[in-house]
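Trainee: Turn this into a model:
(one chain, ligands or ions: 1)
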Amino acid sequence: MNQVVDFINVNRDRYVDELKQYLAIPSISALPQHAGDVRRAAEWTADALRSAGMQNVKLFETEGNPIVYGDWLQAPGKPTILFYGHYDVQPVDPVDLWTTPPFEATERDGELYARGAADDKGQVFMHIKAVEAFLKQAGSLPVNMKFFVEGEEEVGSAHLDDFVRAHKQELAADVVVISDSPMFDRGVPSICYGLRGLAYFQIDVRGTKTDLHSGSFGGAVANPAFVLAQMLAQMKDRGGHIKIPGFYDDVRELSEAERAEWKKLPFNETKYRKELGAPKLFGESGFTTLERVWARPTFEVNGLLSGFTGEGAKTVLPATAMAKVSMRLVPDQHPEKIAKQFQDYMSKVAPKTVEVKVTRMHGGKPWMAEFDNKFVRAAGRAIEKGFGKQPVFNREGGSIPVVSTFQEELGVPSVLFGVGLPDENAHAPDERLDLGNFHNGIIASAYLYQEIAGLSE
Ligand SMILES: [Zn+2]
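Mentor: Now for the predicted structure:
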């Protein structure tokens, strides 16, 4: 192991130079004019896997962008890790807000600035280099490895579920490792073991055929804007508790151990509030801010539209009103069941004076690894060795749908092994990656394989 770590330390600058080449490819999956660049990034990823010593490296064609695959399966009796990441990136607009061009990776103050630096090329590359160090230095890996790097993550991974379903054999593994998330804070490495799910809806309310004059007709018919506001007001009480019947039935209560662990986290509520610019924080009573965001479900209005919103005054009685609403779900809530409960409750609170249509949009299941899952703990030890510091164990308020896909289709748990930072501007101008974290991340990845290999003994 020492030799492997020495190799990583010696090659530090070379890794950064190579990563800059990877980041120079504008593989923006959302923009059709970059289709050629997206393919070039797939080929670049495949070449990097090949030169690291991975075998059976190939591109799987899908109806969308290719999936890069490579494996090394010469460790009989040892666990198999399926590494998942993505080589596509977000668009760069507004490009004039970038300090340096997004596809000319530039170092400043120990950080590498470029689109894709943190999300996710830098983190994919970190694992490729950890594998390379083992194969070049020891001639073998302590575990079996499969790489699965897709090119449609930033546009919703439309072809991923079908692909996984059709390639269960090739993707079979003991654990999935995903490096596509931030750590808790600068200097506070973390392992994330839980994510929230999502249920998203559009509500359309119609009162009359057309907009009406509020003088001639006001008072005679219901106003859809008002009706919608009243309906939405019945979704939550003043304490932030959601009133949809049955909504909390399947919510897994926080364990005392988890609550105690989270209380120890270096979280400054005042700083958090000030950064958000909120006069006062608000959430479900009886829970702390981190508990509200990581372990409690929400109901939020994402958008509202009705009537006259231009300059000046127009005495109109709108014919329609529309809202987009979504719920973040926690284990063990199920998006299908929640959708039905929500739709039933909506029909109950909708008055007969209007027509209400509820359209279900996308959704996703929540996910959580057991708090003391052996792979999660192994990842914790690897982070400690790579970063010289014990990680904290946290959950995230957001969603990574692929985690549920792997759990359901392959029956494999995931470990979220992210080394980005929460302020590294993934999806925004001046995206960057801390090169210290990148370097420590390569070492931690190498230790991760070693730790997971040890689980079979
Ligand atoms: Zn990502």
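Trainee: Give me the phi and psi for the residue of the stretch 201-350 of the chain found nearest the ion.
Mentor: Closest contact between the stretch 201-350 of the chain and the ion, by C-beta to the ion, is at Arg328 (18.8 Å). C-beta: built from backbone N, CA, C; applies to glycine. When read as degrees, to the nearest 10, the backbone of Arg328 gives phi -90, psi 130.
Trainee: Quick check: it touching Asn302?
Mentor: No. The criterion here is C-beta atoms under 8 Å, and Arg328 misses it with Asn302 at 11.2 Å.
Trainee: More neighbours: these two, which one.
Mentor: Neighbours per residue (other C-beta atoms under 10 Å) separate Arg328 from Asn302, with Arg328 holding more: 21 against 11.
Trainee: residues touching that one, list them.
Mentor: Applying C-beta atoms under 8 Å, 6 or more residues apart in numbering, one finds that Arg328 lies in contact with 196-198, 297-298, 300, 397, 399.
Trainee: Next, count neighbours for Glu104.
Mentor: 12.
Trainee: returning to what we had before: which of the contacts of Arg328 are buried?
Mentor: Among these, those scoring as buried are 196-198, 297-298, 397, 399 (criterion: 16 or more other C-beta atoms under 10 Å).
Trainee: how close does Glu43 sit to the ion?
Mentor: Remark: distance between Glu43 and the ion (C-beta to the ion, to the nearest Å) = 20 Å.
Trainee: Which helix or strand contains the closest residue to that residue other than its chain neighbours?
Mentor: Using C-beta to C-beta, 6 or more residues apart in numbering and skipping the chain neighbours, the partner closest in space to Glu43 is Leu59 (7.2 Å). Taking DSSP states H and E as the definition, one finds Leu59 inside strand 55-60.
Trainee: Identify the residues contacting that strand?
Mentor: The set of residues external to strand 55-60 that reach it, using C-beta under 8 Å, 6+ apart, is 42-43, 46, 49-50, 66-73, 163, 167.
Trainee: interface residues of the chain facing the ion?
Mentor: Proximity of the chain to the ion, by C-beta under 5 Å from the ion, involves residues 119-120, 180.
Trainee: go again using 8 Å as the cut-off
Mentor: For the chain, the residues in contact with the ion (C-beta under 8 Å from the ion) are 85-86, 119-120, 153-154, 180-181, 426.
Trainee: Greatest separation within those: which pair is it?
Mentor: Glu154 and Ser181 (14.4 Å; C-beta to C-beta).
Trainee: now this protein, which segments are flagged as low pLDDT?
Mentor: Residue ranges of the chain with pLDDT under 70: 457.
Trainee: how much space between Ala319 and Leu195?
Mentor: 40 Å (C-beta to C-beta, to the nearest Å).
Trainee: Pick out whichever of the two has more residues nearby.
Mentor: Taking neighbours as other C-beta under 10 Å, Ala319 and Leu195 compare with Leu195 leading, 29 against 18.
Trainee: quick one: contacts for the more buried one?
Mentor: 366-368, 395-396, 398-400, 403, 416.
Trainee: which SSE is the residue lying closest to Gln390 once chain neighbours are set aside in?
Mentor: In space, not counting the residues next to it along the chain, Gln390 is nearest to Glu384; the distance is 5.1 Å by C-beta to C-beta, 6+ apart. Here Glu384, judged by DSSP H and E, is contained in helix 374-387.
Trainee: List the buried residues for that helix?
Mentor: Neighbour-count burial for helix 374-387, counted by 16+ other C-beta under 10 Å, picks out 375-387.
Trainee: Likewise for stretch 233-249?
Mentor: 235-236, 240, 242, 244, 247.
Trainee: ok so Phe201 is a strand residue?
Mentor: Yes. Phe201: assigned to a strand according to DSSP: H, G, I helix; E, B strand; the rest coil.
Trainee: ok, now which ones touch it?
Mentor: For Phe201, the contacting residues are 324-326, 339, 342, 358-361, by C-beta under 8 Å, 6+ apart.
Trainee: ok, which pair from the residues you listed is furthest apart?
Mentor: Pairwise distances across the contacts of Phe201 (C-beta to C-beta) peak at 14.7 Å, for the pair Lys324 and Ala339.
Trainee: Could you check how far Arg12 is from the ion?
Mentor: Applying C-beta to the ion, the value for Arg12 to the ion is 24 Å.
Trainee: tell me the phi and psi of the nearest residue to that residue once chain neighbours are set aside?
Mentor: In space, and not counting its chain neighbours, Arg12 is closest to His439: 5.8 Å by C-beta to C-beta, 6+ apart. Main-chain dihedrals, His439, degrees, to the nearest 10: phi -70, psi -50.
Trainee: I figured His439 hits Asn11, correct?
Mentor: No. Using C-beta under 8 Å, His439 is not in contact with Asn11; the gap is 9.9 Å.
Trainee: For the spatially most central residue of the chain, list the residues it contacts.
Mentor: For the chain, Ile400 is the residue whose C-alpha lies nearest the centre (C-alpha atoms, centre = their mean; 3.9 Å). By C-beta under 8 Å, 6+ apart, the contact set of Ile400 is 178, 180-181, 195, 367, 416.
Trainee: how about a markdown table for those, with distance to Asp6 and secondary structure added?
Mentor: Output for these, formatted as a markdown table (distance: C-beta to C-beta, whole Å; DSSP: H, G, I helix; E, B strand; the rest coil):
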| residue | distance to Asp6 | secondary structure |
| --- | --- | --- |
| Ile178 | 28 | strand |
| Asp180 | 28 | coil |
| Ser181 | 29 | coil |
| Leu195 | 36 | strand |
| Trp367 | 37 | strand |
| Leu416 | 28 | strand |
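Trainee: Among the residues you listed, give me the pair with the biggest separation.
Mentor: The two members of the contacts of Ile400 with the most space between them (C-beta to C-beta) are Asp180 and Trp367, at 13.8 Å.
Trainee: and the two? which has more neighbours close in?
Mentor: Counting neighbours by other C-beta under 10 Å for Asp180 and for Trp367 shows that Trp367 has the greater number, 26 against 20.
Trainee: follow-up on the earlier one: now the element after the strand holding Leu59, going C-ward?
Mentor: From strand 55-60, the next helix or strand downstream (DSSP H and E) is strand 67-72.
Trainee: which residues touch Val16?
Mentor: Residues in contact with Val16 (C-beta under 8 Å, 6+ apart) are 107, 112, 435, 438.
Trainee: mind listing which of the residues you listed are in helices?
Mentor: Among the contacts of Val16, the members falling in helices are 435, 438 (criterion: DSSP state H).
Trainee: of the contacts of Val16, buried ones?
Mentor: 112, 435, 438.
Trainee: ok, back up a step: with the contacts of Val16 in mind, which one is nearest to His34?
Mentor: Nearest to His34, judged by C-beta to C-beta, of the contacts of Val16 is Leu112 at 21.2 Å.
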